[in-house]
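Undergrad: Quick one: sequence plus predicted model below, questions after.
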Amino acid sequence: MDTLNKLWQYNNWANQALIHLFTEQSAILPPECLRLFSHIVNTQSVWLSRLAGTPQLYGAWDEHTLATCTMMHNEASPLLEQQIPLSAEQQSAIIEYKNSTGKTFHNSRYDILIHVLNHGTYHPAQIPTELRGSGIEPINTDYISYVRR
């Protein structure tokens, strides 16, 4: 199994685990957790739009309900997976896009996918602090926990 596919599977697992925990703890879930999770699903959507050359539907920090975040994850995750089985030519293809300030960049499709999947590990690491502050025991979404299952 190649690295991109493994990272996608991990990203999908971690997001689903957070959705499950957030659903269970919805009555006392700190708003910052949902704000961070909104950002995670927003950026997946943003990068998929950039890869496809289509208009972005969401801003990076738009905030959503848990139901909307779940829907966005369920839509974006399979689309990310479809981007992964890349030939060497597809991996090196340069994508031109504009960032949120309108500045134009050029990056390979492969580097964009690595960024999207890595970004999905950064913000979930911030969520446990918020959960603990509200008396909620966080789940372990470390990669090694994923592969140990």
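TA: Great, that's in hand. Residues are numbered from 1 along each chain as shown.

Undergrad: lowest-confidence helix or strand of the protein?
TA: Least confident helix or strand of the chain, by mean pLDDT, DSSP states H and E, is helix 88-92 with a mean of 87.

Undergrad: Remind me what the helix or strand following it packs against, helices and strands.
TA: Scanning forward in sequence from helix 88-92 by DSSP states H and E, the next helix or strand is strand 94-98. Packing contacts for strand 94-98, counted by 3 or more C-beta pairs under 8 Å, 6 or more residues apart in numbering; DSSP states H and E, involve helix 31-52, strand 104-108, helix 109-122. Bear in mind the C-beta positions are built from the backbone N, C-alpha and C, glycine included.

Undergrad: Give me the distance from strand 94-98 to the chain's centre.
TA: Offset of strand 94-98 from its chain centre (C-alpha atoms, centre = their mean, to the nearest Å): 19 Å.

Undergrad: try stretch 86-94
TA: Put simply, stretch 86-94 sits 22 Å off its chain's centre (C-alpha atoms, centre = their mean).
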